[in-house]
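> Test case, fold it:
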Amino acid sequence: MAGVVVVFDFDRTLIDKDSDRWVIDHFGITDLFIQLYPTMPWYSLVDRMIQEIHSQGRTIEEISECLKGVPLHPNIITAIKSAHSLGCDLRIVSDANMFFIETILMHHGIMECFSEINTNPIKIDEQRRLRVFPYHDANSGPHGCTLTCPPHMCKGKIMERIRNSASFVEGQKQFIYIGDGGGDFCPSVKLKEEDYVMPRKDYPVWKMICKNKSLMKAEIHEWSTGDELEVKLLGLINKISDCHTALKK
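Numbering: from 1, shown residues only. Predicted coordinates for the structure are as follows:
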């Protein structure tokens, strides 16, 4: 199934929690987070919260250990490993950050299943403090999206870049996009008729898709739980495989 590209959001999709809030709550700075939430872009807010954690004397290693406690539904792990073994190209497009995502994926033994992770980059400064930076650099100008994307990340632009990359020029590629948040609406709209979108039911992207179905070209398959995601995702991959087999006959 080299022609199938499965793109996962991360927080509340691949994992059932929000990785940023998991860390913030664990280190007891939820009140400060709530206070600052209306005043800052998300990546800046998370960076500020991590600096607060470090100011308490906490280390990168302690943050890493905290992240290892993030639960990942066993059916989603099975779905990821199965899709990878079938030859699907698995990618992540997320407004979390590289350190959080990589730590969780490596802990659960599925890091090697993903060919690419698109998320907010991190750096470790001279004091060994974790810093979070925007995916789209504000200094290079706005990304130009008119939908609901935050200024520092347009997932639709990322999807367009993936589809137009050199490795995708030859051969037909079918996308399956899986997400939950408002930022997942833009890439869902960018999908084509041969693609599939899997919005998490009763979450923001599902509600936006329901209200704007005229904008959608891709086939819609909603899901709610990890076991339902596994069944529907592998069902779609098998459906695409059967279609490819029939076309070759």
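> could I have stretch 34-42 exported to PDB, CA atoms only?
The C-alpha trace of stretch 34-42 is given here as PDB (Å, rounded to 0.1, in the frame of the first residue of the first chain):
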ATOM      1  CA  ILE A  34      -5.400  29.400  32.600                       C
ATOM      2  CA  GLN A  35      -4.400  33.000  33.500                       C
ATOM      3  CA  LEU A  36      -2.200  33.400  30.500                       C
ATOM      4  CA  TYR A  37      -4.200  31.300  28.000                       C
ATOM      5  CA  PRO A  38      -6.200  34.300  26.500                       C
ATOM      6  CA  THR A  39      -3.100  36.400  26.100                       C
ATOM      7  CA  MET A  40      -0.600  34.300  24.100                       C
ATOM      8  CA  PRO A  41      -0.300  32.100  20.900                       C
ATOM      9  CA  TRP A  42      -0.300  28.400  21.800                       C
END
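> Any chance you could list what contacts it?
20, 45, 48, 95, 134, 150-152 (C-beta atoms under 8 Å, 6 or more residues apart in numbering). Yep, even glycine has a C-beta here, placed from its N, CA and C like the rest.
> Mind checking the pLDDT average for that stretch?
For stretch 34-42, mean pLDDT is 93.
> Pull out the buried residues from it.
By neighbour count with 16 or more other C-beta atoms under 10 Å, stretch 34-42 contains the buried residues residue 42.
> Contacts made by the helix ranked longest in the chain with the rest, please.
The helix that spans the most residues within the chain, counting by DSSP state H, is helix 226-248. Identification of contacts with helix 226-248 by C-beta under 8 Å, 6+ apart yields 1, 3-4, 6, 16, 73-76, 78-79, 82-83, 86, 88, 174, 176, 178, 196, 198, 221, 223.
> Only the buried members of the residues you listed: can you turn that into a PyMOL selection?
Per 16+ other C-beta under 10 Å, the buried members of the contacts of helix 226-248 correspond to this PyMOL selection:
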select buried, resi 1+4+6+16+73+75+76+79+83+88+174+176+178+196+198+221+223
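> The contacts of helix 226-248 in helices, which ones?
74-76, 78-79, 82-83.
> Which of the residues you listed sits closest to residue 60?
residue 76 (26.5 Å; C-beta to C-beta).
> isn't the closest one right next to residue 14, touching?
Yes. Because the distance of 6.4 Å satisfies C-beta atoms under 8 Å, residue 76 is recorded as touching residue 14.
> Would you map the helices across the protein?
19-26, 30-36, 42-55, 60-67, 74-85, 98-107, 155-164, 185-190, 204-211, 226-248.
> Tell me where this structure is predicted with low confidence.
The chain contains residues with pLDDT under 70 at 1-2, 137-148, 166-171, 244-249.
> quick check: longest strand of the protein.
Secondary structure of the chain per DSSP state E: the longest strand is strand 89-97.
> Give the pairing partners of it; include direction for each.
Using DSSP bridges, the strands paired with strand 89-97 are strand 4-8 (parallel), strand 114-120 (parallel).
> how many neighbours does the residue lying closest to residue 111 once chain neighbours are set aside have?
Leaving aside its sequence neighbours, residue 111 sits nearest to residue 105 (C-beta to C-beta, 6 or more residues apart in numbering; 4.2 Å). Using other C-beta atoms under 10 Å, residue 105 has 21 neighbouring residues.
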